[in-house]
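Chemist: Quick one, fold the following:
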Amino acid sequence: MSNRVEISVVIPVYNSETILVELANQINDALSEYRYEVIFVNDGSVDSSWEIVEEIAINIKSVTGICLSKNFGQDNAIMAGLRLSNSDSVVIMDDDLQHSPYDIVALLEEIKNGFDVCYADYSHFKKQSLLKNIGSAINSKQAEYFIGKPSKIYLSPFKIISRSVVDSIISYDGPYPYIDGLIFQTTGSIVQVKVKHNKRHQGHGSYSLKKSLAVFLNHTTGFSVTPLRMASFIGLLISILGFLAGVFYIIQYIYNDQIVVGWTTLVVLQLFIGGLIIMFLGLIGEYLGRAYLSINNKPQYVIKKISSG
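Modeler: Next up is the predicted model:
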């Protein structure tokens with residue numbers, strides 16, 4: 001493709017008006033010796049983030065802004081940026097300066113060494129709350145079980161991806177993309193490098209408990225049937241336990257002439273099993289709902305405007 005640059009930097013933006021100018025300046029400084037482009041994707045910000053992105057795009061020729069029509073979610077916004085990118089390698093990073101633009105060169109070196117993907121590993125030096133650290137650990141274990149993440153790879157939102165893998169990722173057109181899931185489905189040529197993790201430049205994170213749970217559910221059900229298999233296994237296990245309990249009660253009645261009395265036990269068992277049934281039906285419903293939305297062509301994102309210098 002003509003006019004291809006060496007590096008694209010895709011940054012999903014949400015309510016980051018106080019940070020964007022400094023972020024753009026640091027990227028410009030860090031990559032001054034490379035042919036690069038920066039793609040800011042405004043994911044439905046309610047502050048003046050988009051106006052600032054437009055201003056940056058006017059002042060810095062290498063910057064392009066994409067404004068989505070509403071908040072579609074981080075991975076969806078990243079997909080919009082990946083499709084617009086025109087480079088040999090694509091960096092994905094957050095908009096809060098916790099990921100240092102000066103570490104991009106270290107990630108790029110691993111792509112030059114032949115790897116398809118390089119994650120930034122700051123698990124040893126994270127500047128975030130204990131609750132968020134716990135959430136990151138749970139997310140990492142979840143990814144190992146459900147999408148085949150290598151156990152030694154730190155699941156970081158700061159990473160660089162080769163063009164061949166990017167092309168595979170953007171071929172996915174479902175309404176619920178999961179970038180890391182698509183990476184692990186595409187390649188095993190993955191490495192990581194240790195970097196520092198800075199304190200958030202200003203403001204606070206935008207992930208509420210509700211949003212975090214929604215992301216967890218998306219990642220769990222979007223790219224794996226493991227939860228369904230787990231539900232089947234647990235259902236089978238409960239059935240076996242119920243059968244064994246029934247055999248035990250029959251033996252008690254035959255040999256000891258005892259009838260096991262206990263409405264409390266019966267009610268507890270009914271509530272327990274009924275709760276499991278409802279939970280698993282909800283899980284199945286989640287899969288069916290996603291299939292329905294995919295069949296009905298729910299969009300990954302809708303671009304309202306593109307701004308460039």
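
Chemist: from here on, contacts and neighbour counts on C-alpha atoms
Modeler: OK.

Chemist: so what's residue 307 up against?
Modeler: Taking C-alpha atoms under 8 Å, 6 or more residues apart in numbering, we find residue 307 in contact with 54, 57, 64, 65, 66.

Chemist: now swap in residue 308 and tell me
Modeler: So residue 308 contacts 54, 57, 58, 61, 63, 64, 65 (C-alpha under 8 Å, 6+ apart).

Chemist: Try it again at 10 Å.
Modeler: 39, 53-66 (C-alpha atoms under 10 Å, 6 or more residues apart in numbering).

Chemist: Could you do residue 153 as well?
Modeler: 118, 119, 120, 121, 140, 144, 190, 191, 192, 193 are the contacts of residue 153 under C-alpha under 10 Å, 6+ apart.

Chemist: Show me what the second one bridges to in the sheet.
Modeler: In other words, residue 119. As for beta bridges, residue 119 partners with residue 159, residue 192 under DSSP bridges.

Chemist: Regarding stretch 288-308, how distant is the last residue from the first?
Modeler: 40 Å (C-alpha to C-alpha, to the nearest Å).

Chemist: swap that for stretch 40-55, please
Modeler: Note: stretch 40-55 ends 12 Å apart using C-alpha to C-alpha.

Chemist: And stretch 90-109, by the same measure?
Modeler: 13 Å.

Chemist: So which bits of it are buried?
Modeler: Residues of stretch 90-109 classed as buried by neighbour count (16 or more other C-alpha atoms under 10 Å): 90-101, 103-104, 106-108.

Chemist: Mind checking which of those land in strands?
Modeler: Here DSSP state E is the test, and the buried residues of stretch 90-109 give 90, 91, 92 as lying in strands.

Chemist: what would these look like in TSV with distance to residue 16 and pLDDT?
Modeler: Formatted as TSV, those follow (distance: C-alpha to C-alpha, whole Å; pLDDT from 0 to 100):
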residue	distance to residue 16	pLDDT
90	22	98
91	19	98
92	16	98
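
Chemist: Closest one to residue 13 out of those residues, please.
Modeler: Of all those, the one with the least separation from residue 13 (C-alpha to C-alpha) is residue 92, at 11.7 Å.

Chemist: so that closest one makes contact with residue 158?
Modeler: Yes. Between residue 92 and residue 158 there is a contact under C-alpha atoms under 10 Å: 5.5 Å.

Chemist: Now the common contact residues for the two.
Modeler: 11, 99, 104, 119.

Chemist: Now the two most distant members of those residues.
Modeler: 11 and 119 (15.4 Å).

Chemist: lowest confidence element among the helices and strands of this protein?
Modeler: When each helix and strand of the chain is scored by mean pLDDT, DSSP states H and E, helix 209-222 comes last, with a mean of 64.

Chemist: give the contact list for residue 6.
Modeler: Neighbours of residue 6 in contact, by C-alpha under 10 Å, 6+ apart: 34, 35, 36, 37, 86, 87, 88, 89, 90, 108.

Chemist: Of those, which qualify as buried by neighbour count?
Modeler: In those, burial by neighbour count holds for 36, 37, 86, 87, 88, 89, 90, 108, counting by 16+ other C-alpha under 10 Å.

Chemist: Give the bridge partners for the fourth one, please.
Modeler: Bridge pairing for residue 87 (DSSP bridges) gives the partners residue 5.

Chemist: Would you mind confirming that it is in contact with residue 4?
Modeler: Yes. Taking C-alpha under 10 Å as the definition, residue 87 is a contact partner of residue 4 at 5.0 Å.

Chemist: Now do the shared contacts for these two.
Modeler: 35, 36, 37.

Chemist: Closest to residue 270 out of these?
Modeler: Closest to residue 270, out of all of the shared contacts of residue 87 and residue 4 and judged by C-alpha to C-alpha, is residue 37, at 59.6 Å.

Chemist: Excluding chain neighbours, give the residue nearest to the spatially most central residue of the chain in space.
Modeler: Computing the C-alpha centroid of the chain and ranking residues by C-alpha atoms, centre = their mean puts residue 178 first, at 5.2 Å. The spatial neighbour of residue 178 that comes closest, neighbours along the chain excluded (C-alpha to C-alpha, 6 or more residues apart in numbering), is residue 75 at 5.9 Å.
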